[in-house]
Each structure stands twice: as C-alpha cells, then as structure tokens.
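Enquirer: fold the stuff below for me.
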Amino acid sequence: MALPGWLESARRWAVRPPGSTVDLEPLWARVRQAGALESEFARLSDGELVARPEFCAVAREVARRELGLRPHDEQLVGALALMDGHVVQAATGEGKTLTAAIAAAALSAAGPVHVLTVNDYLARRDTEWMWPFYQRLGVTAGWVAEGSATPERRTAYHRDVTYVSVNEAGFDFLRDGLCTDVADRVQRPLGAVIVDEADSILVDEARVPLVLAGSTLDGPDLALGMAGLIRGLRRGEHYTLADEERAVHLTAEGADVLERGLGGVHLYAAENLDLLTAANLALHAEALLTRDVDYIVRDGRVELVDGFLGRVAQRRRWPDGLQSAVEAKEGVRASGGGSILATITLQAFLNQYTRLAGMSGTAIGVGEQLREFYRLEIAVLPPHRPCVRRDEPDRVHETTEARDAAVIAEVAAVHATGRPILLATPAVADSEALGARLREEGIDCTVLNAKNDAMEAAIVAEAGLPGAVTVSTQMSGRGVDIRLGGSDQREHDRVAALGGLYVIGVGRHDSGRVDDQIRGRAGRQGDPGGSVFFVSLQDELIRRYAPEKRPRSAAGAQRVAEQVHLEIHRNTWRYHYLLEQHRVAMTALRAEVLTTTRGSTMMAALRPAEHAALVRAHGPARVAEAARAIVLHHLDAAWAGHLDEMATLREGIHLRAVANLDPLDEFHRAAIPAFKRLIPAASEQAAAVFATLDLSGEDWSLSRLGLDRPSATWTYVVDDDALGTGLDHFLAGLLALFRAGPRAR
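Expert: All right, here's what the predicted structure looks like:
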C-alpha cells in the first residue's frame, strides 16, 4: 500500500537529512503518533484538550484553535529538536516562530525560558502573536525591549516564557551582577534558551563583548583638534594605505605636518604617546571608515551599521578612542567614554543558560563552530513543500561599473514583465546609489537600509506585489516573509505565473550563509522564484581573499573568508576565555558576599579587634550589612580596574610578536598574576575602610565614607574588529598560499 505523501517525505529524510547531525527518526515517530490522534483531539473541549498528556497533539490542536495555524509535521519535529537542545535549520517561511513557541511552552514546565531575538520589534511581535497559544496552555509570556522600565523587565522575566533581544538579555545579566540587593535583580537564574537567527547570534556576533560602563565625559577636545589636522592630509603624500586598504600609516611628511600643527612637538617622543594615539585614531577614522558604509549619521549621532544585518547595530560603538575620532570627523557631539564596570561576550553569556537551542535558515555552514564552541548539533528539517526556486550561476564582470550597468539592465527587463524584484546590496551607500539610478531610468523603487529600518516590516511585507522593486541591504532577521501578491496575497496567482519573486544580489558577502539568506527570500513554501548574483572582480571580497586567483571566483574567496573568520573567532576566544574564567571566579565570590555573611567573615579575619568591637556595640546583623556593602564596593572597583588593565594589555599585545614572542602566552603571563593579586588587594582595601567604620548614627551609607558608586550607568556593544591586528590578512594570505600548491611555496 502506498504511503501518504507526508510520511513518504519523512521516510526520505528520516535518519539524517543532508547536512544534519541529528537522528530525526525518533522525533518523526512521536509526530506520527500525534497525527494518529488529530481527529480525536479535534472533538475535545478546551478543558479536555489541555488535560491530555500527548503534548505534540495538544499543541497542534491548540495552535489551530487559537492562532488559526495548524503546525505541519516538520514544525512539530523542529519543536522536539529544540526541546532536545539542538539547532534547527528550516528555510524561510517554514514557520519557525510557531515552532519556537511550541518548544518554549514545553520547556517552561521545567523553569524559565528565554526566546532571544535579534531586535525589539520581533520580541514584541512574537509575544503578542503567540499570546493566545500560550494562554490556552496555561503558560505566561512577556517581552522586554530597550525602553522597558525596571519593573516591566522584572515582570516579563518572571513570566514562564520571555521574548527579548539577545543584547537586552545580556545587559540585564550584567546589571544584575552588580546589584547590591538581591531584590534589585530583574532576571531569575537562567534556564532554557531558544536563539532565533542562531548562526548570526551564536557565531557571527559571538565574540562581541557587551559592556556595562559608569558614564564619564572626557577628552573630546583632543579628538576634535586632531580631526581638523588629519582632514588636511593627502593620501599618497601624507599617509599610505596597506593590507588591501585595511590599514593606514603616516609618512614622514605626514608626521611633519602634524608636528607643526601641534606646535612643534616630537610626535614619537614617549611623553607624547597620547598625541600619537589620537593621531592614529583620527587617521583611521578619516581614511578607513566610510560614512553610509561602516556607519551612518542620524539625529546628531554616529550609528554603526551591522555588516551582517545591513542595518543599524543598536548601542554598538567602537573602542572609546576610535568612537570619539569618528564623532570628531563628522562634527557631532561626543558621546563620551566610560569606566567599564562589567563585560561579557555573547558566547560566554549564552553558555550561562542550562539548556541552549536555536533556529536558523542557514545553520549548516557554521556546524563546525556550533560544535566547537557550544557542543550543539544541527537538525535539518525538510521543507513542507519542495523548493522550486531557480538559482542561476553568478554573472561575473571585470569592473564594478560594468556590474552595476548589467544589474540596472536586468532590473529594467524583468520589471517590464511585472515580476516583483528584490535587489540586495552590500552597503547603505550602494542601496541608495542603485535606487537613484533606477529612478533615473524611470523605475520606481523602495529603498530599505539602515536609515529607515523602522519601516522595514511594512516595506518587506509588500515587496511581493506585482511590479514592486525593493532595494535592500542584508535581509537576515527582518522577521517578515515576502508573500507573493503582497501581504494579503490577493495577487498571488498572478505573481506566481510571472515566475515569483526575483532576487538579484549585487556582490557576494564574506559569508555564503548571508547570500543563502538573501536567496531564501524567494521560493517560500513551495512558491516559484528565482535568484542570481552579479559579481565584479573589483568587489572587496575577491580583492581581499582571492587577489591572485585567475579566474577568480566569489565561491573560492568566500571559502577563504569563512576560514579566516573562524580562525579569528578561535583566536579572539582564546583571549576572552581567560577573562571569562576570572569573571566566573569573581562572580561566585561576589554572589556569596551578597547573599551570606561572607563579607563580615572576611572583615573578622582581617580586622578581628575592630570587628569584635563593632559587633558588641551594634550587633552582628548591622555589622554584616555594613561589611557586605564595603566588600562589594571594593570587589566591584577592583574588577573594573582589572578589566581596564586587561583592555590596555590586549590592545598592544600583538606587538610582542615583533620580538618573536607568542602574544597569547604573553597575555596569560601578565593576566594570571594580575588576577591572583586582585581579590587579596580588594579585601585589604575593604578592611582598611572597615577599621575606621562608625555605625553609631541612625543610618550610614557608602557615600559618607567617600565610596560612591557611579551616578549613572550605560550599556553598549564593542565592535573590536575595527582596530584589528591584521590577523585576517595574514590568514587569508596563508590559506591562499596553501591552496596554490607546492609550486607556489
């Protein structure tokens, strides 16, 4: 007897779909059991339904009743894979939002669940969309956004399921870690987490440090004055670019110009190190960072553009000196520096959860990193309907001008048929330039980039209308499917007859996954569609990672780039790993001081006479409270100092290689003894203050002892790639050399 279509599909993919490292057969077996119960469960009352223990069957029927969505078998398998702690790969339009909600509802039975998104919009949208589903199952849900007040955050985190952007969750984790009263914390102990856009968050953003700082405003005048001097320098005469225009150096003539402009100082004298540093940062900002490519200026602020997502990276900034240099270059108000109070990389933060899982449309490409850094395996789901999208070979041109002319001609020809077009560009400037050229040709288009990302949902939702031309930077994490015929799909059949959405990529990205995400916007849920990439041999990807290759290919350059980025990830994590061990040790001690009488015990050991006298006069509880506050203050101050010392050490550690020393070994040689001295020194400082403590008044505070905490704190994400050490260029050359074979070596 012939098998039903869905079961036959399951059989074909049952054990391990292509690229999958997870055996899906046990999960398919559970879903088949749910299918056998479907007609029975459809007849149950709501009360009878939620009382049944067969979760897959219950979740399917509840979703159908409350959301009007019947989860496909593939979605149920994906939910089970998430519950098992895997990364699920499912194509665009396959219903990952509902898949995550089913898994989150089940996981909430064991404790709090966070669903981490890439932005606030998706956190709110998904909570509100899935709310009826959760409510019927008796599961509470909430969401956190950047503008959420502290009570709102605490309420949301105390729900069974919390939707929140990954950065906000990380910042709240850091803030909780500096609380001086347990009641001030907003998060509960971290439990299970489901990460949306898992490849982007777990890999591309993994090494990015989240920072909690005590705000200060200092040093804008130096940056502003240096920007004015640098602006007058000429390339080739006063400075040169190297490493495929990724590094810049002053010439002797350029140094002379600056020294005269600074009043005749010797720029390279030891006492003028701050001037030389400011000059190099200003030169980096002027020559290597480009407006509307690396950043935009909006509302009087410099806002960084995320190269992977193609839109503003919320609260991200470069290291303080470079940030100030770019702000001075653009003549905007300085955002100020700050004393770092706490920091953690996204990778370290995500590993704090007791159960980690994720979803992505392009996880296979980072399978090695997911296993290496998180011990995660990939479960590849088949599409509910086969993908019939036609992906054409790259169209390669010698120059950027020829490539763009061909793109305009292709858009004009296809647009004449009425077929909707998505034109994906690598940068804001490219999107605006191509948009302007299209309008000059009489082709009306909508441009979506970092400057108007607040409108993205409405723009993307209608990109499938007949005749629509949408020019966009990267499409990852947009959160809205492009439906043929528009958001209401009223003209679906007309657009399908024209061939569906046509995706045109302008240039390839460093990561093939980004290109796959762009392609994946067409061919949703079995719809027709097509894609093609126009490539120039002058594209940065090829110039940087395949400069000597003839014929040069984007695919080959991408393979080199991906290996380079993996090695950079590994190298960066080697530095952060030691700092993470320090953070774990300090956090454990701090938590003990916060929640027990450990601070009082420490003071009794270091100042026994003074401690005993205070206990006799004021009682052990009052003394323990004071000791706790004093010890916490000095531990926090010592940790902030350690972070500053490690940041300074890291910035210059690569120079040790000039002396044939291993930079990582040298970093460890300095960092380990520094941390060993940290806690004893902080304890002694706390004891010195404790010895002079007067508790005779009605109340007392740290401020009376001159131990004020920062009056304000702020959070940001450090883009520490901007001041790279050239490791990517070295690795790219090395990989290209080995691929060339023995003759080249």
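
Enquirer: list the contacts of G177.
Expert: Going by CB atoms under 8 Å, 6 or more residues apart in numbering, G177 touches 342, 587, 590. (Glycine included, C-beta is placed from N, CA and C.)

Enquirer: quick one: stretch 493-504 to chain centroid distance?
Expert: In terms of CA atoms, centre = their mean, to the nearest Å, the centre of stretch 493-504 is found 33 Å from the chain centre.

Enquirer: how much space separates the residue nearest to the spatial centre of the chain from V118?
Expert: By CA atoms, centre = their mean, the mean C-alpha position of the chain lies nearest to E205, the distance being 3.8 Å. The gap separating E205 from V118 is 9 Å, by CB to CB, to the nearest Å.

Enquirer: what do the two both touch?
Expert: The contact lists of E205 and V118 share V166, where a contact means CB under 8 Å, 6+ apart.

Enquirer: host element of R650?
Expert: R650 is part of helix 620-652, with elements assigned from DSSP states H and E.

Enquirer: just the angle between the helix or strand just after that helix and helix 620-652, please?
Expert: Counting by DSSP H and E, the next helix or strand C-terminal to helix 620-652 is helix 663-690. Relative orientation of helix 663-690 versus helix 620-652 (axes from the mean of the first three to the mean of the last three CA atoms, to 10 degrees): 150 degrees.

Enquirer: please point out which parts of helix 663-690 sit buried.
Expert: Buried residues in helix 663-690, counted by 16 or more other CB atoms under 10 Å: 663, 666-667, 671, 675, 678-679, 682-683, 685-687, 689-690.

Enquirer: from those, which is closest to A416?
Expert: Within those, proximity to A416 (CB to CB) peaks at P663, which comes in at 57.7 Å.

Enquirer: how big is the angle separating the helix ranked longest in the chain from helix 663-690?
Expert: Longest helix in the chain by number of residues (criterion: DSSP state H): helix 554-595. Following the same axes, to 10 degrees, one obtains 20 degrees for the angle between helix 554-595 and helix 663-690.

Enquirer: ok so, going back, hang on, the residue nearest to the centre of the chain packs against L350?
Expert: No - the criterion here is CB atoms under 8 Å, and E205 misses it with L350 at 10.0 Å.

Enquirer: would you map out the domains in the chain?
Expert: Domain segmentation of the chain under automatic domain parsing yields 73-214+347-380, 218-336, 390-538, 561-728.

Enquirer: hmm, who's touching stretch 405-421?
Expert: Outside stretch 405-421, the residues that touch it by CB under 8 Å, 6+ apart are 395, 397, 423, 434, 437-438, 441, 443, 463-470, 482, 484, 494-495, 498-504, 506, 532, 534.

Enquirer: and the longest helix of the chain, average pLDDT?
Expert: Here helix 554-595 scores 90 as its mean pLDDT.

Enquirer: figure out how far the helix or strand that it is followed by is from the centre of its chain.
Expert: The element immediately downstream of helix 554-595 (helix or strand, assigned by DSSP H and E) is helix 598-606. In terms of CA atoms, centre = their mean, the centre of helix 598-606 is found 41 Å from the chain centre.

Enquirer: which helices and strands sit right next to whatever helix or strand comes next after helix 598-606?
Expert: Downstream of helix 598-606, the next assigned helix or strand under DSSP H and E is helix 608-618. Contacts defined by 3 or more CB pairs under 8 Å, 6 or more residues apart in numbering; DSSP states H and E place helix 608-618 against helix 598-606, helix 620-652.

Enquirer: helix 663-690 and helix 608-618, what's the angle between them?
Expert: Going by the same axes, to 10 degrees, helix 608-618 makes 50 degrees with helix 663-690.

Enquirer: please point out which parts of helix 608-618 sit buried.
Expert: Those buried within helix 608-618 under the rule 16+ other CB under 10 Å are 610-611, 614-615.

Enquirer: quick check: closest non-adjacent residue to S324.
Expert: For S324, the nearest residue in space outside its immediate sequence neighbours is A223; the separation is 4.1 Å by CB to CB, 6 or more residues apart in numbering.

Enquirer: contacting residues around the one you found?
Expert: A223 makes contact with 278, 281-282, 321, 324-325, 327-328, 334, according to CB under 8 Å, 6+ apart.

Enquirer: what is the mean pLDDT for the helix or strand hosting it?
Expert: In the assignment (DSSP H and E), A223 maps to helix 220-231. Regarding helix 220-231, the rounded mean pLDDT is 83.

Enquirer: do stretch 434-441 as well
Expert: On average, stretch 434-441 scores 94.

Enquirer: out of the domains of the chain, flag the one nearest W28.
Expert: Here domain 73-214+347-380 is closest among these (CB to CB), at 6.1 Å.

Enquirer: ok, the residue nearest to the centre of the chain to G485 distance?
Expert: 35 Å.

Enquirer: next: I194.
Expert: From I194 to G485 the distance is 31 Å (CB to CB).

Enquirer: of the two, which one has the most company?
Expert: Shown here are I194 and G485; by other CB atoms under 10 Å, I194 has more neighbours (30 against 19).

Enquirer: secondary structure class for that one?
Expert: Of the three states, I194 takes strand under DSSP: H, G, I helix; E, B strand; the rest coil.

Enquirer: let me see the contact set for it.
Expert: Applying CB under 8 Å, 6+ apart, the residues contacting I194 are 82, 100, 103-104, 107, 113-116, 357-359.

Enquirer: on that earlier part again, could you dump the contacts of G177 to CSV with neighbour count?
Expert: Output for those, formatted as CSV (neighbours: other CB atoms under 10 Å):
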residue, neighbour count
A342, 24
T587, 15
R590, 20
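
Enquirer: from these, which is closest to H633?
Expert: Once CB to CB is applied, the member of these that ends up nearest H633 is R590, at 11.0 Å.

Enquirer: let me see the contact set for the closest one.
Expert: 177, 632, 635-636.

Enquirer: run through the helices of the stretch 351-500 of the chain in chain order.
Expert: Counting by DSSP state H, counting those that start in this stretch, the stretch 351-500 of the chain has helices at residues 367-374, 400-415, 428-440, 456-461, 492-497.

Enquirer: distance to R704 and mean neighbour count added to those, as JSON lines?
Expert: Listed next are the helices of the stretch 351-500 of the chain as JSON lines, based on distance: least, CB to CB, whole Å; neighbours: other CB atoms under 10 Å:
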{"stretch": "helix 367-374", "distance to R704": "47", "mean neighbour count": "18"}
{"stretch": "helix 400-415", "distance to R704": "65", "mean neighbour count": "16"}
{"stretch": "helix 428-440", "distance to R704": "52", "mean neighbour count": "18"}
{"stretch": "helix 456-461", "distance to R704": "51", "mean neighbour count": "18"}
{"stretch": "helix 492-497", "distance to R704": "71", "mean neighbour count": "16"}
